[in-house]
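Asker: predicted model and sequence follow; I will ask about them next.
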Amino acid sequence: MTSLEPVTSMEHVERLRKDGVLFRSYLDAARRLVPFALPGVLVHVPLATLSLLALTVTAGGSAALVNQRFQLIGTSDAPLLTWTVLLGAVALAGEIVVFPATVVIAAGALVGRHVSLGEALGTTVRRLPSLLVLLLVAATAFGTIWAARAGVLMATGQQWPGNALLVVAAYAAMPGLLAVPGVLMHGCSGLGSIRRAYQLTRLRFLPTALTLAFGVVLVPGAATWALDSGLRQLPGPLATLGWGLAGTVLALAMTPFQAALVAREFLHCMAWRTQVDDSDLAPGLPDGPPPRPVRLGFLPAALLPGVLFSATVLINPFGWPEVAETNVTESWTPEEFSASIHNRGPELRPFDLQALHTGRGQRLIVVMDGFQDHSSLLVCADPSCLKTSFEWAEPRDRDTRWEAGAAGARLPDGRLLLTTWTSNSLELLTCEATTCVRSSGAVATTRSRPESVGVAPAVRQGGGLVVAYADADPAGGDRPSHDLVSFIFCADPSCARPERRQVARLETTVYSATDHNLVVAVGPGDRPVAARYDPGNGQIHVISCLDVACHQPTVTRPVPPSPSSTDDLPWTFGLAMAVRPDGRPVIAYRDLRDQANKLLDCRTPDCAQVDVRTLGAGDEYHAVPALVLDRAGRPLVAFESREHQRLMLAICTGSRCESIPVSKNRGGFGERLAMALNAEGDPTIAWIDHKLAPPGLSWNLHVTTPLNLTPD
């Protein structure tokens, strides 16, 4: 009597033993993309639609469209973190169902079993407790790796050892992905599936980990980077629509390719085990009749979240602030920041920002003036500031000075007027883009150190100039107790015949060429107005004139002094001033008593009566606020928010000031903000984004322009 042995099949085993797992799995995913993507469409699309709807409805004043991309820049770190965690948790909750279900469908296609969408989701739900164990182990391992990286960073003070540790640990964890099909196809427990995954790859660990790293992490990451880089080249509306459509397709297509690779790699490792036939590959997979063909009518539903979100961003029905922002120095090389000694090119450093002006056409001119160096001009070819040129403003044939910086004003024809010092002589420069020409001679001279003299120019409507000039009273000897403030009048930018008139004798204070505590503006009828901020006690003096030549100057003190000392000056100090068309000045400053950012709104041209409006809390290390008047005559004040590390813009109408967030930073805004109206009449703000982090100071120069500010 003979026994009959069961007939075994090796067809799938032989086919799955073939090399080229990455290529073959990607080819399978491309051929069967529609059925493989069904779990993602069924789960992720409703979740994403509801999440985005909740986000847009509840965002309120926190949302803004930066370069036509939605950002939550107005909320504090805690709510922002809450939203990030919430959206991440929703996406993770969906993915813990979608990814295993897609693995089941992909594995079924590899072993000749027809797995429907319902059967794949049912298998995932039944194995959900073991899958949650895998998720918990993965989260613990992830946290441990990042903690180890932080420890290495703190111990060495360098980033590359920590990054190397991160890469090695992530590479070693790659075979753990094979625990997912172990749970689904072989019914293993969570911890048992991890042990089985590493046993399967024991003899093929390096190639298996490399294949998974490329297929699951690197290739999808490269595809995302390529899509982002390509869309950045498109105009704003097309980039937004592209992210809504192409981004949605990429998000839905990424999981099928990753799941197909994990499924094939697991079966590839199983096929190379001894005494394995087709029935041993995936015993836990369901097998049913062939599913019905999937129609392409589901595509509109698949694209629904991206289409709705893109339409919301483009139409902006909620009236979110629209902002254009450029990271000017993001792509600069170290040579562009600091030119070689042989070329002696200009150097750009994190605290050099001084002023921003509108040049001819649509050009923007950023004035940089660094410690122990000459002034330089960074010229933007257009309001976006994507293309720049950078050159010295002051002549380079002089010795390095201490700290006597440049002050500037825009001429009616779009040229820029800058002050400069040659030894102890004050001169003027007239600049066209990056080319500057000296005036005919000295405008004033001093016996003091140039860096301790207050200088501020303004352009008169008739084409002449007025320069506010504050120097120590020579009658005080070596320890003067008063400063003499004068107006220097010039008939033209060359100032060949300057006329100097003393307008005030004030208590002595500390001037700094890089801190604007002396400013001047021209009111109606070419009457000059100057303001001086005393960093020692926080007092503000306003010097106004009743006539063009200022024969009868008036000095008022709208901000009283506070107890302080010149030995304990704040880290940053200064003020900004503009004069309304009716002659009433407005002054933005940071109050020395409470460090709050405030607007001094003068009721009269001489500031004898004022209203003080608090714009937001501040700190002595915060940047000095910037001020301009828009074309409607409203004061616009840019300042740093202490609560949220945000760049704020206050729009003041009548007795009310409304502050909105327009950008966010990583750590600080430098020593001052600079602002001007561009050719379109929009306020453009230049600021430094800096962060003190190992191995040193990381910073960039940004240009931010709010676009949809409309008069009330």
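Answerer: Good, I have the coordinates. The structure presented is a predicted model; accordingly, all values stated were derived computationally and were not measured.

Asker: could you give the bridge partners of the nearest residue to Thr508 once chain neighbours are set aside?
Answerer: Nearest residue to Thr508, sequence neighbours excluded (C-beta to C-beta, 6 or more residues apart in numbering): Asp483, at 5.1 Å. Every residue, glycine included, has its C-beta placed from N, CA and C. Beta bridges link Asp483 to Ala472, Leu506 when assigned by DSSP bridges.

Asker: could you give me the average pLDDT of whatever helix or strand Leu136 lives in?
Answerer: Secondary structure from DSSP states H and E places Leu136 in helix 128-156. On average, the pLDDT along helix 128-156 is 87.

Asker: tell me the buried residues in it?
Answerer: For helix 128-156, a neighbour-count test (16 or more other C-beta atoms under 10 Å) marks 130-131, 133-134, 137, 145, 149, 152-153 as buried.

Asker: count the residues that sit near the residue lying closest to Ser375 once chain neighbours are set aside.
Answerer: Nearest non-adjacent residue to Ser375, counting by C-beta to C-beta, 6+ apart: Ala406, 3.9 Å away. Other residues within reach of Ala406, judged by other C-beta atoms under 10 Å, total 28.

Asker: just say helix, strand or coil for Ser562.
Answerer: Classification of Ser562 using DSSP: H, G, I helix; E, B strand; the rest coil returns coil.

Asker: now do the contacts for it.
Answerer: Ser562 makes contact with 537-539, 592-593, according to C-beta atoms under 8 Å, 6 or more residues apart in numbering.

Asker: can you select the buried ones from these in ChimeraX?
Answerer: The buried subset of these, as determined by 16+ other C-beta under 10 Å, is captured in ChimeraX by this line:
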select :537,538,539,592
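
Asker: let's have the contacts of Ser562 in JSON lines, adding distance to Val111 and pLDDT.
Answerer: Output for the contacts of Ser562, formatted as JSON lines (distance: C-beta to C-beta, whole Å; pLDDT from 0 to 100):
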{"residue": "Asn537", "distance to Val111": "83", "pLDDT": "84"}
{"residue": "Gly538", "distance to Val111": "79", "pLDDT": "85"}
{"residue": "Gln539", "distance to Val111": "84", "pLDDT": "88"}
{"residue": "Leu592", "distance to Val111": "76", "pLDDT": "85"}
{"residue": "Arg593", "distance to Val111": "77", "pLDDT": "85"}
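
Asker: residues contacting Ser70?
Answerer: You called it Ser, but residue 70 is Phe. Counting by C-beta under 8 Å, 6+ apart, Phe70 makes contact with 56, 63-64, 309, 313, 320.

Asker: and it, its phi and psi?
Answerer: As for Phe70, its main-chain torsions (degrees, to the nearest 10) stand at phi -70, psi 130.

Asker: could we number from 376 for the rest of this?
Answerer: Taking 376 as the first residue, the last one we looked at is Phe445.

Asker: give me the pLDDT value at it.
Answerer: Looking at Phe445, its pLDDT reads 81.

Asker: got it, and Ala484?
Answerer: 87.

Asker: surely it meets Ala404?
Answerer: No - with contacts counted by C-beta atoms under 8 Å, Ala484 stays clear of Ala404, the gap being 9.8 Å.

Asker: show me how far the lengthiest helix in the chain is from its chain's centre.
Answerer: Longest helix in the chain, counting residues (DSSP state H): helix 611-646. How far helix 611-646 lies from its chain's middle: 28 Å, per C-alpha atoms, centre = their mean, to the nearest Å.

Asker: pull out the buried residues from it.
Answerer: By neighbour count with 16+ other C-beta under 10 Å, helix 611-646 contains the buried residues 614-619, 622-646.

Asker: picking that back up, how distant is the helix holding Leu511 from the center of its chain?
Answerer: Distance, centroid of helix 503-531 to centroid of chain: 28 Å (C-alpha atoms, centre = their mean).

Asker: which helix or strand lies directly C-terminal to that helix?
Answerer: Counting by DSSP H and E, the next helix or strand C-terminal to helix 503-531 is helix 534-548.

Asker: wait, what's in contact with the closest residue in space to Thr687 that isn't next to it in sequence?
Answerer: Excluding its sequence neighbours, the residue lying closest to Thr687 (C-beta to C-beta, 6+ apart) is Thr431, at 5.8 Å. Listed by C-beta under 8 Å, 6+ apart, the contact set of Thr431 reads 438, 445, 684, 687, 693.

Asker: doesn't Thr431 belong to a strand?
Answerer: No - counting by three-state DSSP, Thr431 is not found in a strand; it is helix.

Asker: mind checking how far it is from Gly617?
Answerer: According to C-beta to C-beta, to the nearest Å, Thr431 and Gly617 sit 19 Å apart.

Asker: try Leu397
Answerer: For Leu397, the distance to Gly617 - C-beta to C-beta - is 28 Å.

Asker: then Arg880?
Answerer: Relative to Gly617, and taking C-beta to C-beta, Arg880 is found at 64 Å.

Asker: Gly789 now?
Answerer: Remark: distance between Gly789 and Gly617 (C-beta to C-beta) = 37 Å.

Asker: cool, and Asn702?
Answerer: 21 Å.

Asker: ok so, going back, redo the contacts of Ser937 as JSON lines? Include distance to Glu1033 and secondary structure.
Answerer: Output for the contacts of Ser937, formatted as JSON lines (distance: C-beta to C-beta, whole Å; DSSP: H, G, I helix; E, B strand; the rest coil):
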{"residue": "Asn912", "distance to Glu1033": "31", "secondary structure": "coil"}
{"residue": "Gly913", "distance to Glu1033": "26", "secondary structure": "coil"}
{"residue": "Gln914", "distance to Glu1033": "29", "secondary structure": "coil"}
{"residue": "Leu967", "distance to Glu1033": "25", "secondary structure": "coil"}
{"residue": "Arg968", "distance to Glu1033": "24", "secondary structure": "coil"}
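
Asker: how about the nearest residue to Ser764 once chain neighbours are set aside, what does it touch?
Answerer: Take Ser764 and drop its neighbours on the chain: the residue closest to it by C-beta to C-beta, 6+ apart is Val754, 4.9 Å away. Contacts for Val754 (C-beta under 8 Å, 6+ apart) come out as 734, 738-741, 763-766, 808-809.

Asker: check Val754 and give its pLDDT.
Answerer: pLDDT for Val754: 86.

Asker: check the secondary structure at Trp600 for me.
Answerer: Secondary structure assignment for Trp600 (three-state DSSP): helix.

Asker: I meant to write Val987 there.
Answerer: Per three-state DSSP, the secondary structure class of Val987 is strand.

Asker: per-residue pLDDT, it?
Answerer: Here, the pLDDT recorded for Val987 equals 91.

Asker: skipping its backbone neighbours, what lies nearest Glu874 in space?
Answerer: Distance criterion C-beta to C-beta, 6+ apart; nearest residue to Glu874, sequence neighbours excluded, is Phe864 at 4.5 Å.

Asker: residue ranges with poor pLDDT in the stretch 976-1087 of the chain?
Answerer: Across the stretch 976-1087 of the chain, the ranges flagged by pLDDT under 70 are 1019, 1067-1072, 1086-1087.

Asker: first-to-last residue distance for stretch 952-967?
Answerer: End-to-end span of stretch 952-967 (C-alpha to C-alpha, to the nearest Å): 17 Å.

Asker: can you check stretch 1008-1020 too?
Answerer: Length of stretch 1008-1020, first residue to last, C-alpha to C-alpha: 28 Å.

Asker: buried residues, that stretch. List them.
Answerer: Residues 1009-1017, 1019 are the ones in stretch 1008-1020 that count as buried (16+ other C-beta under 10 Å).

Asker: can you put the residues you listed in a markdown table and add distance to Asp976 and secondary structure?
Answerer: Output for the buried residues of stretch 1008-1020, formatted as a markdown table (distance: C-beta to C-beta, whole Å; three-state DSSP):
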| residue | distance to Asp976 | secondary structure |
| --- | --- | --- |
| Arg1009 | 11 | coil |
| Pro1010 | 7 | strand |
| Leu1011 | 13 | strand |
| Val1012 | 11 | strand |
| Ala1013 | 17 | strand |
| Phe1014 | 15 | strand |
| Glu1015 | 21 | strand |
| Ser1016 | 21 | coil |
| Arg1017 | 22 | coil |
| His1019 | 25 | coil |
